[in-house]
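**Q** next one to model:
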Amino acid sequence: MSIQPIPTQLDGPPPSEGRRLRPWSAFERVQGMLFVLPALVVLAIFLIYPAYYTIRLAFYEGDFHFGFFHYLGIQNFKELLTNDKDFLDLSKFPPSGALINNVRWVIFYISLSLLIGLGLAVLAVRVRYERAVKTAIFVPMAISATAVGIIWLFVYSPSPDMGVLNALLHAFDSGFHPVAWLGRPNLVNYALIFAYVWASVGFVMVVLSAAIKGIPAEIMEAARVDGAGEWNIFRRIMLPMLSLPLSVVTIWLFINVIKVFDIIYVMTGGGPGTSSRVIAFTMYEETFQNGRPGYGAAVAVIMLVLIAPVMVLNVRRFRSEKVVA
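**A** Numbering: from 1, shown residues only. As a prediction, the model looks like this:
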């Protein structure tokens, strides 16, 4: 009886060679383009063309009709960064100006929003009435920035009969004298930042609490069985697994900081003096109040230059996470 040899290869294509996708036909290509065309038209009209127009206008003096009047080259940018003390003043210490105020906003607004929002997210998933707590914290996010500004005008009012914050501090210390929180150049930016944090922290909490719920419970239980404390679980498990949601929220907060305008316009109008002006407020004032659309367009280009690298890094981060997944 002869033993037949066992074949070493199976019939058919190798496992790595799957079914090849056929190339699209001309009709399918045209059909796909027709589906994409409406979105491309909207993108071109409302994003690409305005961006091109603004960048081009930044090299002109401009007129009241936003026309390309009197070519200046880079003169607008040169004046903005070297001669405009209200935008950037490096001649004294500490530096001042709208750009420096935006740096303060980036540091304190993003840090406070992330810390408070993350803390509330961790606590919210543990309380009994989670939905009610989240709703109460999220309510300021649903209010317009104008309404938020009016609310905090009452909170910061120096009048003892109207100012909530001064009244609370006076209740704890009878010798406390009311403070004009929005009238002091050294306090006004921090008062505005805290008001904006109050309006934004609900969004941060909702996003991060949803991400926390997405962490597998088995990982947490295994860490507890191994003797890990809550702080170690938070630091070594939760934070690393929240890196992508945290980056998304940080990008959203950064864009909010760069374009912040309405709450400042309502609460201080850029004052006292020019101490609470930021980049977006400068763009509005130069374009519409001072009648310098070219100069205002240069400020808008500065905003674009600040935001674009952050958006590019965020897209790359998403792509790398996709590849890893």
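**Q** any idea how far the nearest residue to S275 once chain neighbours are set aside is from S174?
**A** Leaving aside its chain neighbours, S275 sits nearest to P185 (3.8 Å; criterion: Cβ to Cβ, 6 or more residues apart in numbering). For the C-beta atoms, the positions are set from N, CA and C on the backbone; glycine is no exception. Separation of P185 from S174 (Cβ to Cβ, to the nearest Å) stands at 28 Å.
**Q** for the protein, longest helix please?
**A** helix 293-324 (DSSP state H).
**Q** in that one, what's buried?
**A** Using 16 or more other Cβ atoms under 10 Å as the test for burial, helix 293-324 gives 293-303, 306-307, 314.
**Q** in the stretch 51-200 of the chain, which spans are helices?
**A** Using DSSP state H, counting those that start in this stretch, the helices found in the stretch 51-200 of the chain span residues 75-78, 98-124, 130-142, 145-156, 164-172, 188-213.
**Q** deepest of those helices, which one?
**A** Ranked by mean neighbour count, the helices of the stretch 51-200 of the chain are led by helix 188-213 with a mean of 21 (mean count of other Cβ atoms under 10 Å).
**Q** ok, and what's touching the helix or strand following that helix?
**A** Next helix or strand after helix 188-213 toward the C-terminus (DSSP states H and E): helix 217-225. Applying Cβ atoms under 8 Å, 6 or more residues apart in numbering, the external contacts of helix 217-225 come out as N232, I233, R236, I237.
**Q** doesn't A228 make contact with the third one?
**A** To tie it back to what came earlier, the one meant is R236. Yes. If you go by Cβ atoms under 8 Å, R236 and A228 touch, sitting 7.4 Å apart.
**Q** more crowded one of those two?
**A** A228 (16 against 12; other Cβ atoms under 10 Å).
**Q** tell me the SS of the more buried one?
**A** Assigned with DSSP: H, G, I helix; E, B strand; the rest coil, A228 falls in the coil class.
**Q** which residues touch it?
**A** Contacts for A228 (Cβ under 8 Å, 6+ apart) come out as R236.
**Q** closest to I251 out of the helices of the stretch 51-200 of the chain?
**A** Checking these against I251 by Cβ to Cβ gives helix 98-124 as the closest, at 10.0 Å.
**Q** now the angle from that closest one to helix 130-142?
**A** Angle of helix 98-124 versus helix 130-142, following axes from the mean of the first three to the mean of the last three Cα atoms, to 10 degrees, is 170 degrees.
**Q** picking that back up, dump the buried residues of helix 293-324 to a markdown table, plus pLDDT and distance to A147.
**A** Shown next, in a markdown table, are these (pLDDT from 0 to 100; distance: Cβ to Cβ, whole Å):
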| residue | pLDDT | distance to A147 |
| --- | --- | --- |
| P293 | 94 | 30 |
| G294 | 95 | 34 |
| Y295 | 95 | 31 |
| G296 | 95 | 27 |
| A297 | 96 | 30 |
| A298 | 96 | 32 |
| V299 | 96 | 27 |
| A300 | 95 | 26 |
| V301 | 96 | 31 |
| I302 | 95 | 29 |
| M303 | 93 | 25 |
| L306 | 91 | 28 |
| I307 | 90 | 26 |
| N314 | 77 | 30 |
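**Q** so which of the residues you listed is the closest to I212?
**A** Proximity of the buried residues of helix 293-324 to I212 was ranked by Cβ to Cβ; the top entry is N314 with 21.1 Å.
**Q** so that closest one makes contact with S247?
**A** Yes. Using Cβ under 8 Å, N314 makes contact with S247 at a distance of 6.7 Å.
**Q** got the domain boundaries for the chain?
**A** 40-96+278-325, 98-276 (automatic domain parsing).
**Q** as TSV, these with distance to M33 would be great.
**A** As requested, the domains of the chain are exported to TSV (distance: least, Cβ to Cβ, whole Å):
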stretch	distance to M33
domain 40-96+278-325	9
domain 98-276	31
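**Q** got the contact list for L304?
**A** Applying Cβ under 8 Å, 6+ apart to L304 gives the contacts A51, T54, I55.
**Q** and it, how far from Y52?
**A** With Cβ to Cβ as the criterion, L304 and Y52 are 11 Å apart.
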